[in-house]
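**Q** take this sequence and fold it.
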Amino acid sequence: MVLMVEAREVLNTELKAKYGLDVRKEQRDKLARLHYVSSRRSGRTVAIQLDDKGWVRMQSDFDFKARGAAAVGAALTALHAHLRDRVLQRSGAANLTELFARTEMRAVAGDIGPRVVSAYHALANEPGAWVSLRRLRPFFADVPRDRVDEVLRELSDRGEANIVPESNQKTLTAADHEAALRLGGQQNHLLAIGV
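**A** Numbers count the residues shown, from 1 in each chain. Have a look, this model is predicted:
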């Protein structure tokens, strides 16, 4: 939930200082296996962010029945349900991913092109950085996949986006293959805008 609210890559040292939360290696590894978080070394600490399935998981109910966590669990359950069931509905955002994104992602009636560009900018470290389609797709859970694919093809055709295959195919996961876009006779996995 903290990573959802932060909606960015956060250093573990910052999580400790700001929230008193220390995400240790065994916890990170477990959450990474579930594809809830991704992490990388950053100097002497670790940078952590919510991964695709983590964003999807935030749309579901939580079960806080752990020993000694009843009050905190009840508070978080109430907060989460309120965000998902009331705030989200009033906000006009399609999902919690969109609600907590650091840039505007809502589409103008029927046009999701600007929303794709905004989602890219929310994920990219800098303009022109490569973003995997696996990370982009959860932002569009409310849109038919063929519509998102059509917009990606249009951006590519107009020269506004580069969409390419991953050069090291051995690093691709089943989720990467599932998210790939068939373009130019091959499966493409990466998107860059502003190159």
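**Q** got the domain ranges for the chain?
**A** With domains defined by automatic domain parsing, the chain comprises 2-56, 63-94, 107-193.
**Q** which one of those domains lies closest to Phe100?
**A** Evaluated over these, closeness to Phe100 peaks at domain 2-56, with 4.2 Å, by Cβ to Cβ. In this view, the C-beta of every residue, glycine as well, is placed from N, C-alpha and C.
**Q** surely Gly194 touches Gly128?
**A** Yes: shown here, Gly194 and Gly128 form a contact pair, counting by Cβ atoms under 8 Å, at 4.9 Å.
**Q** who has more neighbours out of those two?
**A** Gly194 (14 against 11; other Cβ atoms under 10 Å).
**Q** please tell me how far the more buried one sits from Pro114.
**A** Counting by Cβ to Cβ, to the nearest Å, the gap from Gly194 to Pro114 is 14 Å.
**Q** show me where this structure has strands.
**A** 10-11, 37-42, 45-50, 131-132, 161-164, 181-183, 186-188, 190-193 (DSSP state E).
**Q** please name the strands paired to the last one in the sheet, noting orientation.
**A** Think strand 190-193. strand 131-132 (antiparallel), strand 161-164 (antiparallel) (DSSP bridges).
**Q** how close does the residue nearest to the spatial centre of the chain get to Leu3?
**A** The residue lying closest to the centre of the chain (Cα atoms, centre = their mean) is Asp52, at 4.8 Å. For Asp52, the distance to Leu3 equals 12 Å [Cβ to Cβ].
**Q** re earlier: in CSV, list the strands paired with strand 190-193 along with mean pLDDT and mean neighbour count.
**A** Shown next, in CSV, are those (pLDDT from 0 to 100; neighbours: other Cβ atoms under 10 Å):
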stretch, mean pLDDT, mean neighbour count
strand 131-132, 92, 19
strand 161-164, 94, 18
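**Q** now the ones you listed as TSV including distance to His121?
**A** Below are the strands paired with strand 190-193 laid out as TSV (distance: least, Cβ to Cβ, whole Å):
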stretch	distance to His121
strand 131-132	9
strand 161-164	12
